[in-house]
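K.L.:
here's a sequence, model it:
(2 chains)
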Amino acid sequence: GDSVTQMEGPVTLSEEAFLTINCTYTATGYPSLFWYVQYPGEGLQLLLKATKADDKGSNKGFEATYRKETTSFHLEKGSVQVSDSAVYFCALSDKNTGNQFYFGTGTSLTVIP
Amino acid sequence: ETGVTQTPRHLVMGMTNKKSLKCEQHLGHNAMYWYKQSAKKPLELMFVYSLEERVENNSVPSRFSPECPNSSHLFLHLHTLQPEDSALYLCASSQLGQESFYGYTFGSGTRLTVV
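P.N.:
The predicted structure follows:
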């Protein structure tokens, strides 16, 4: 069945460091891929998405490229800020399974000044 | 109000109490979801409502009872809860058939503590 695997956390980085959070997926069809962010005490917010292979989603300095050949959607940011401290969830939606969403387990990021 | 609104934001209840969580969406969506988020565990999908009909119940104990009176409102009625039910309860909504493009929209959650 469909699933999403993302790197275990927690991740701690210094401000202005480069961020990569790995995400790989398994899907029966051609899913859409998403990154959601959850700030402390809040719900999940859509950060970026990609709906087909080779698409790049981007928002707030974050980027992720839909790589069908490696079934990956890694999240990257060139220079993190303290305000990026949050939990990041990779997710997929697969039309083959009625657009049901599958979430990864979340990766906690803490950025220290 | 815009988006998905959940009330209350925080709730403390005893094991013998009865309480309800409320979710309201102002997006014109026609599907709504309840998720449970516990510390150090993956998101757990509890209930799915599609066009106001319950279409999924992921083996959730009967002490959780959902209600969807219309496409904009979703409730989660709670009774005789256990301490292990303490968690963040998240409501989400979507437009059927468009999830792969627009995703789900989440509320801010209700932090439930059972004492």
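K.L.:
let me know the pLDDT of B:T2.
P.N.:
Note for B:T2: predicted pLDDT of 68.
K.L.:
ok, now A:M7?
P.N.:
88.
K.L.:
just give me the neighbour total for it.
P.N.:
17 (other Cβ atoms under 10 Å in any protein chain shown). For glycine as for every other residue, the C-beta is placed from the backbone atoms N, C-alpha and C.
K.L.:
what does B:H79 give?
P.N.:
The burial count assigned to B:H79 is 15, neighbours taken as other Cβ under 10 Å.
K.L.:
ok, now how distant is the nearest residue to it once chain neighbours are set aside from B:P69?
P.N.:
Excluding its sequence neighbours, the residue lying closest to B:H79 (Cβ to Cβ, 6 or more residues apart in numbering or on different chains) is B:K18, at 4.4 Å. As for B:K18, its distance to B:P69 is 18 Å (criterion: Cβ to Cβ, to the nearest Å).
K.L.:
for those two, work out which one has more neighbours and name it.
P.N.:
Comparing B:K18 with B:P69 by other Cβ under 10 Å, the one with more neighbours is B:K18, at 12 against 9.
K.L.:
mind listing what that one touches?
P.N.:
Contacts for B:K18 (Cβ atoms under 8 Å, 6 or more residues apart in numbering or on different chains) come out as B:77-79.
K.L.:
so which residues on chain A come close to chain B?
P.N.:
Within chain A, the positions lying close to chain B (Cβ under 8 Å from any Cβ of the partner chain) are A:31-32, A:34, A:36, A:41-46, A:49, A:51, A:89, A:91, A:93-95, A:99-101, A:103-106.
K.L.:
what subset of the residues you listed is buried?
P.N.:
Neighbour-count burial (16 or more other Cβ atoms under 10 Å in any protein chain shown) applied to the residues of chain A next to chain B gives A:31-32, A:34, A:36, A:42-44, A:46, A:49, A:89, A:91, A:93-95, A:99-101, A:103-106.
K.L.:
wait, a helix at B:E84?
P.N.:
Yes. The assignment for B:E84, made by DSSP: H, G, I helix; E, B strand; the rest coil, places it in a helix.
K.L.:
kindly provide the distance from it to A:T105.
P.N.:
As for B:E84, its distance to A:T105 is 19 Å (criterion: Cβ to Cβ).
K.L.:
likewise A:V11?
P.N.:
Applying Cβ to Cβ to A:V11 and A:T105 gives a distance of 13 Å.
K.L.:
and what of B:L43?
P.N.:
For B:L43, the distance to A:T105 (Cβ to Cβ) stands at 8 Å.
K.L.:
where exactly do the helices run in chain A?
P.N.:
Here chain A has no helices by DSSP state H.
K.L.:
could you give the average pLDDT over stretch A:12-25?
P.N.:
Mean pLDDT, stretch A:12-25: 97.
K.L.:
what's that stretch in contact with?
P.N.:
By Cβ under 8 Å, 6+ apart, the residues outside stretch A:12-25 that reach it are A:2-7, A:11, A:31, A:33, A:35, A:64, A:70-82, A:84, A:88, A:90, A:92, A:102, A:104, A:107, A:109-113.
K.L.:
and stretch B:46-61, by the same measure?
P.N.:
Under Cβ under 8 Å, 6+ apart, the answer for stretch B:46-61 is B:30-36, B:44-45, B:64, B:66, B:68-71, B:74, B:76, B:96.
K.L.:
do me a favour and average the pLDDT over it.
P.N.:
The model assigns stretch B:46-61 a mean pLDDT of 88.
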